[in-house]
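Engineer: Turn this into a model:
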Amino acid sequence: MDVEALRTFVAVAETGQFQIAADELGISQQAVSKRIATLERHVKVTLLVRTSRGSRLNLDGQLFLPHAKKVLAAFEEAEQAVRPGSRPLRVDVLNRRIAPAQAVYQFYRSHPEMSLDAVTLNNENAAQAAQAVLEGTVDASFRALPVDQVPAGISAERLLDAPLELLVGPGHPLANAPWARPADLAGHRIWIPGIRPGTEWAEFYQALSEAFGLSIDALGPNFGDEALMDALADSASLATLVGSGDRYLWPQTHDLRRIPLREPTPVYTHVLLSRAGDQHPVLSALRDHLRTSGPRTPDDVWVPDWINR
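Structural biologist: This next block holds a predicted model:
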């Protein structure tokens, strides 16, 4: 059924004049007549009685009118539901502890009037997250995705670089170092539970370990962040890597140390993926916020070769 024909029928029914209805709708009187005729053919009954003074509803028209109004109201609600800015922006931040989640949180604190929903597609790799964006499961996703792997229909912009830091307990040999080189980590076990084969972060840490001769593994069960913090506090040899913007909490008695890495600084790059041409106003505002308020990237950085290819 033609929604515009329904809208025209309601306008004629309420004004009683084809010309007045035409003026309200911004179309010609002839177009009004054609729409009414199309509607009457569709429902297979006459709805209006033409008179010398205009038109009026017959019995079938009187019965049809309230239903036509309900259909128009439902259609307008459906349009409103998908209109850009009418619903919260759904952003995949991958993990609520890491830099993308913290950046989106700071954006929301700066713009509490913005409506958004932070979700974590932590079981999907970058390609699967990009597909979720294409399908509309989420509006945007932060991923480390090479330019040549960005699918058609996806807009990708590198908006958030997370410099890595070493996280160790007080008994670790590097615990009191003001900073360290990636090469200084050779020979130390770096434990990053949760690395899964086939993910972009697994590929990132593999490239990092090969570039600097590091021992990075995810051996053993992953009992969560708290268990990792406990293990670091109790060990004089275990370390892990975190982003400078990541937010991890531990008891004060753990006395864990975050050691900046320099010469060069390994950087985990987060690319914001969104559907090409998406006009959601919150997405535009988020991009502007990240462009102007993101952490400063050091001059001497290391990223995997595949980031720039």
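
Engineer: Let me know whether Ser141 touches Ala127 as I believe.
Structural biologist: No: counting by Cβ atoms under 8 Å, Ala127 is not a contact partner of Ser141; they are 11.0 Å apart. All C-beta spots, glycine's among them, are computed from the backbone N, C-alpha and C.

Engineer: Which one's more surrounded, the two?
Structural biologist: Ser141 (30 against 16; other Cβ atoms under 10 Å).

Engineer: Phi, psi for that one please.
Structural biologist: When read as degrees, to the nearest 10, the backbone of Ser141 gives phi -150, psi 140.

Engineer: Quick check: bridge partners of the closest residue in space to it that isn't next to it in sequence?
Structural biologist: Among residues not flanking Ser141 along the chain, Asp92 sits closest, at 3.8 Å (Cβ to Cβ, 6 or more residues apart in numbering). Taking DSSP bridges as the rule, Asp92 bridges to Val119, Ser141.

Engineer: So for Asp92, what pLDDT did the model give?
Structural biologist: For Asp92, the model assigns a pLDDT of 95.

Engineer: check contacts around it.
Structural biologist: Residues in contact with Asp92, defined by Cβ atoms under 8 Å, 6 or more residues apart in numbering, are Val119, Thr120, Leu121, Ala129, Ala132, Val133, Val138, Ala140, Ser141, Phe142.

Engineer: Tell me the most packed of those, by neighbour count.
Structural biologist: For the contacts of Asp92, neighbours tallied by other Cβ under 10 Å; top is Ser141, 30 neighbours.

Engineer: can you tell me how far that one sits from Arg158?
Structural biologist: Distance of Ser141 to Arg158, given as Cβ to Cβ, to the nearest Å: 13 Å.

Engineer: what sits in contact with each of these two?
Structural biologist: By Cβ under 8 Å, 6+ apart, Ser141 and Arg158 have these common neighbours: Leu272.

Engineer: pretty sure Ser115 contacts Val91?
Structural biologist: No: judged on Cβ under 8 Å, Ser115 makes no contact with Val91 at a distance of 11.5 Å.

Engineer: neighbour-wise, which of the two wins?
Structural biologist: Relative neighbour count places Val91 above the other of Ser115 and Val91, with 26 against 15, counting by other Cβ under 10 Å.

Engineer: correct me, but that one touches Thr137?
Structural biologist: No: Val91 lies out of contact with Thr137 (Cβ under 8 Å); the separation is 11.7 Å.

Engineer: Let's have the contacts of Asp92 in CSV, adding distance to Arg109 and pLDDT.
Structural biologist: What follows is the contacts of Asp92, written out as CSV (distance: Cβ to Cβ, whole Å; pLDDT from 0 to 100):
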residue, distance to Arg109, pLDDT
Val119, 18, 93
Thr120, 19, 93
Leu121, 23, 91
Ala129, 25, 93
Ala132, 26, 93
Val133, 25, 94
Val138, 21, 93
Ala140, 18, 95
Ser141, 21, 95
Phe142, 18, 94
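
Engineer: Among those, find me the one that's closest to Val71.
Structural biologist: Ranked by distance to Val71 (Cβ to Cβ), the contacts of Asp92 are led by Val138 at 31.2 Å.

Engineer: so who does that closest one touch?
Structural biologist: Arg90, Val91, Asp92, Val119, Leu121, Ala129, Ala132.

Engineer: In CSV, list those along with distance to Ser55.
Structural biologist: Output for these, formatted as CSV (distance: Cβ to Cβ, whole Å):
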residue, distance to Ser55
Arg90, 47
Val91, 52
Asp92, 54
Val119, 53
Leu121, 56
Ala129, 56
Ala132, 51
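
Engineer: out of those residues, which one sits closest to Ala231?
Structural biologist: Leu121 (26.9 Å).

Engineer: Any figure for the gap between the nearest residue to Tyr105 once chain neighbours are set aside and Ser209?
Structural biologist: Closest residue in space to Tyr105, ignoring its immediate chain neighbours: Ala118 at 7.6 Å, by Cβ to Cβ, 6+ apart. Using Cβ to Cβ, Ala118 is found at 30 Å from Ser209.
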